[in-house]
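1. Provided below are the primary sequence and the corresponding predicted coordinates.
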Amino acid sequence: ATVAILAILAIILGNIILNGLPSLSWRFVSTIPRKDFFDVNSAAILPMIVGTTIRVLVMTFFVMPIGVTTAVYLTEYAPTGALYTRVIRLAVNNLAGVPSVVYGVFGLGFFISFIGRGLDAGAAEPHWGKPAILWASLTLAVMTLPLVIVATEESLRAITPGLREASLALGATKLETIVKIVLPEALPGILTGGILAVGRAGGEVAPILFTGAAYYMRDLPHAPTDQFMDLGYHVFILSTQSPDIEKTRPILFATVLALLTLTLSLNLLAVIVRARVRRKMRSAH
């Protein structure tokens, strides 16, 4: 089974690399394209790379504190058999199975129409009540929240109870024990949840269709209320809106290769941080 999975993965990656690498150049990844980005000679993806990176980083900034705090509460404070604890866990499990396009509709209704237009109350022109990179990132944060919660919970449960008991016996409060003993020990597992969240959000398109992705922009996003171009959305445009699919196929494969490289780079960065944390913990012990 492992060989079959690896073989399928190798075929997919090999196909993308063989077809996309010839069209991947420095000009392709470092310039802003013209509006007619179906032209092979002028195609470029710099705004898509910047937009995808920003939305993933902003999503991580929001989802990690909320997810970790929720997991700490469920593991360390919430009564195990209480009704509201079971309801919260049921909600987390159900959120993990919701289709991503539903999150996009939720983001449009809650973040843009409710919160954004509420902030714009009395304004002459909409500033917050419109698609923006902030709302797209928050929508992705809601979508990836179950991954962070579950990974953090598993990491917290894996810590031996003796560490907690020893800390409490020495006079530390429960909060001090969690902050100074439990969370540092669980940090590698928490970072694993972050890696899973980045991996899922990196290539998602449906949640950002209604909340911030733009077909074309002349400039890079410079404020949270700006729309943005995205690699995943650009792949969708190239594969469905091109007047000549065969002609734009090299651009499509090169864009997919850039998306995979960016996602793997973000994941690799998180893996390196996790490995360094583990080394420091081992040396401290």
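-> Arrived safely.
2. name the element Asn15 belongs to?
-> According to DSSP states H and E, Asn15 maps onto helix 2-20.
3. CA-only coordinates of that helix, as CSV, when you get a sec.
-> Taking C-alpha atoms only, helix 2-20 is exported to CSV below (Å, rounded to 0.1, in the frame of the first residue of the first chain):
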residue,chain,number,x,y,z
THR,A,2,2.8,2.4,0.8
VAL,A,3,4.6,1.7,-2.5
ALA,A,4,1.3,2.3,-4.4
ILE,A,5,0.8,5.6,-2.7
LEU,A,6,4.3,6.7,-3.3
ALA,A,7,4.1,5.6,-6.9
ILE,A,8,1.0,7.7,-7.5
LEU,A,9,2.6,10.7,-5.8
ALA,A,10,5.7,10.3,-7.9
ILE,A,11,3.7,10.1,-11.1
ILE,A,12,1.7,13.3,-10.3
LEU,A,13,4.8,15.3,-9.2
GLY,A,14,6.8,14.0,-12.1
ASN,A,15,4.1,15.0,-14.6
ILE,A,16,3.9,18.5,-13.1
ILE,A,17,7.7,19.0,-12.9
LEU,A,18,8.3,17.7,-16.5
ASN,A,19,5.6,20.0,-18.0
GLY,A,20,6.0,23.0,-15.7
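4. list the buried ones in that helix?
-> Neighbour counts using 16 or more other C-beta atoms under 10 Å place Ile16, Ile17, Asn19, Gly20 of helix 2-20 among the buried residues. C-beta here means a position set from N, CA and C on the backbone, and glycine is covered the same way.
5. I'd like to know which elements that helix is packed against.
-> helix 245-284 (3 or more C-beta pairs under 8 Å, 6 or more residues apart in numbering; DSSP states H and E).
6. Buried ones in the helix it packs on, by neighbour count?
-> Residues of helix 245-284 classed as buried: 248-263, 266-267, 270, 274 (neighbour count, 16+ other C-beta under 10 Å).
7. Give me the phi and psi for Asp39.
-> phi -80, psi 120 (degrees, to the nearest 10).
8. what about it, how many neighbours?
-> Per other C-beta atoms under 10 Å, the neighbour tally for Asp39 reads 12.
9. before we move on, what about Pro221?
-> 21.
10. quick one: it from Glu185, how far?
-> Counting by C-beta to C-beta, to the nearest Å, the gap from Pro221 to Glu185 is 38 Å.
11. what do you get for Ala206?
-> 37 Å.
12. same question, Ile251
-> Relative to Glu185, Ile251 is positioned 47 Å away (C-beta to C-beta).
13. Ok, Thr173 next?
-> Spatial separation of Thr173 from Glu185 under the definition C-beta to C-beta is 17 Å.
14. So these two - more neighbours on which side?
-> Higher neighbour count among Thr173 and Glu185: Glu185, with 17 against 10, using other C-beta under 10 Å.
15. Can you give me the first-to-last residue distance of stretch 241-250?
-> One end of stretch 241-250 sits 15 Å from the other (C-alpha to C-alpha, to the nearest Å).
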